[in-house]
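1. Take a look and give me a structure for this.
(one chain, ligands or ions: 1)
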Amino acid sequence: NWNMDSIIEESVTAIREKVGGDRVILGLSGGVDSSVVAALCARAIGKQLTCVFVNHGLLRKNEPEEVEEVFTRQFDVDFVHVHAEERYAELLAGVTDPEQKRKIIGSQFWNEFFSVAQDLDGVKFLAQGTIYPDIIESGARKTGGKASTIKSHHNLIPFPDGVHFDLIEPLDRFFKDEVRALGTALGLPDHIVHRQPFPGPGLAIRIIGAVDPEKLEILKNADAIVREELDAYNARLFEETGERNGEHSVWQYFAVLPDVKSVGVMGDERTYARPVILRAVESSDAMTADWAKLPYDVLARISGRIVAEVPGVNRVAYDITSKPPATIEWE
Ligand code: XMP
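-> Coordinates of the predicted model:
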């Protein structure tokens with residue numbers, strides 16, 4: 001696509017001119033926006049880009065490995081995988097309030113990110129996956145091209161005193177679908193380019209009540225089955241209709257782990273185990289959403305697989321509430 005090629009060429013030239021021989025740092029979450037920035041900067045400045053991937057242990061099953069694979073094997077950048085799983089687990093232990101969870105996760109992200117930045121020599125630039133709608137939404141702008149805040153996990157976190165980066169925001173002219181097209185043209189895999197929205201605080205806000213390793217393991221396994229089945233369902237619809245987010249395709253889908261147990265039976269044994277809640281919605285912008293009218297055979301497969309394959313789960317419920325009055329997430 002000639003048009004896409006020239007947009008990439010233009011962006012690459014602009015990044016090179018701005019950066020010169022300096023170092024750029026980027027918080028890579030594995031989401032679409034930060035991944036496309038990473039791919040674009042990789043082409044422009046290669047190893048002058050340090051991608052900081054803070055692994056909070058709250059990503060979905062196999063996700064950290066997939067991100068690392070793409071940005072170590074496919075793109076030639078400096079990739080730092082920060083294993084912060086245990087620090088996050090400690091900070092979150094016993095915390096039940098959703099906003100408190102968000103706060104802890106957001107501010108610890110900054111601690112982790114900044115500690116890597118400090119260890120690197122002379123980082124001059126911070127690259128960010130700000131896209132055009134972000135600018136409109138925040139209605140705000142930076143002063144003189146200096147960043148004093150960072151777009152991270154939906155929160156604007158102030159830098160410590162005396163710390164400044166010049167900003168690089170190569171996506172700030174683009175809408176989401178253009179960013180995806182750019183990602184594809186740069187060679188990013190479909191699982192990143194067409195990734196469904198995933199909250200910064202990750203699975204912590206899909207475990208109702210306190211997060212612990214056992215619940216995390218259950219949720220990751222149940223969620224992996226939900227994604228596998230509904231990815232396949234969406235792929236079938238895409239094949240039939242040619243539309244990626246068509247009338248009946250599911251926009252966001254995941255598992256939620258509530259803080260209750262219920263009675264069940266397995267063989268001749270009574271069980272007392274956890275339910276998993278399936279959430280699947282159709283939406284275009286997350287402001288409103290309809291619960292997805294999934295075919296019964298798809299629901300049956302998901303339910304059957306979860307109770308058969310995930311130890312500790314004896315029941316699956318489907319959330320049939322739209323937004324409003326519910327939200328998409330449970331926390
Ligand atoms: P709700 O639950 O408010 O979610 O209907 C709307 C969309 O936003 C996502 N979401 C978040 N994204 N940090 C994020 O980066 C958050 O704390 C957060 N909370 C909700 C949610 O997944 C949905 O797509």
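2. which residues of the stretch 201-331 of the chain score low on pLDDT?
-> Nowhere does the stretch 201-331 of the chain drop to pLDDT under 70.
3. That one against the ligand: which residues are in contact?
-> Within the stretch 201-331 of the chain, the positions near the ligand by C-beta under 6 Å from any ligand atom are 201, 252, 286, 323, 327-329. All C-beta spots, glycine's among them, are computed from the backbone N, C-alpha and C.
4. Is it possible to get TSV of these that adds secondary structure?
-> Shown next, in TSV, are these (DSSP: H, G, I helix; E, B strand; the rest coil):
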residue	secondary structure
201	coil
252	strand
286	coil
323	strand
327	coil
328	coil
329	coil
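5. Derive a PyMOL selection command for the buried subset of those residues.
-> With 16 or more other C-beta atoms under 10 Å as the burial test, the buried ones among these are selected in PyMOL as follows:
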select buried, resi 201+252+323+328+329
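6. Taking the residues of the stretch 201-331 of the chain next to the ligand, tell me the two that lie furthest apart.
-> Spanning the widest gap among these are 201 and 323, at 18.3 Å by C-beta to C-beta.
7. which ones are touching residue 33?
-> Residues near residue 33 by C-beta atoms under 8 Å, 6 or more residues apart in numbering: 129-131, 171, 179.
8. for residue 212, that is, sorry about that
-> Residue 212 touches residue 93, counting by C-beta under 8 Å, 6+ apart.
9. That one and residue 203, how far apart?
-> 12 Å (C-beta to C-beta, to the nearest Å).
10. for residue 21, same thing?
-> 40 Å.
11. Give me the more crowded residue out of these two.
-> When residue 21 and residue 203 are compared for neighbours, residue 203 comes out ahead with 24 against 7, by other C-beta atoms under 10 Å.
12. The closest residue to that one other than its chain neighbours - how many residues pack around it?
-> Sequence neighbours aside, residue 58 is the residue nearest to residue 203 in space, at 4.6 Å (criterion: C-beta to C-beta, 6 or more residues apart in numbering). Residue 58 has 25 neighbouring residues, counting by other C-beta under 10 Å.
13. Tell me which helix or strand residue 58 sits in.
-> Assigned by DSSP states H and E, residue 58 falls within no helix or strand.
14. Contacts only, for residue 319.
-> 256, 277-279, 291, 326.
15. Strands - which of the residues you listed land there?
-> Those of these mapping onto strands are 256, 277-279, 291, per DSSP state E.
16. Got a PyMOL select line for the buried ones in those?
-> Selection command for PyMOL covering only the buried members of the ones in strands among the contacts of residue 319, criterion 16+ other C-beta under 10 Å:
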select buried, resi 256+277+278+279+291
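17. Please identify which pair of the ones in strands among the contacts of residue 319 lies farthest apart.
-> Among the ones in strands among the contacts of residue 319, the pair separated by the greatest distance (C-beta to C-beta) is 256 and 291, at 13.1 Å.
18. Okay, domains of this structure per the record?
-> 2-193, 212-318 (automatic domain parsing).
19. for stretch 314-323, how far is the first residue from the last?
-> By C-alpha to C-alpha, to the nearest Å, the extent of stretch 314-323 from end to end equals 28 Å.
20. which parts of that stretch are buried?
-> Neighbour-count burial for stretch 314-323, with 16+ other C-beta under 10 Å as criterion, is recorded at 314-316, 319, 322-323.
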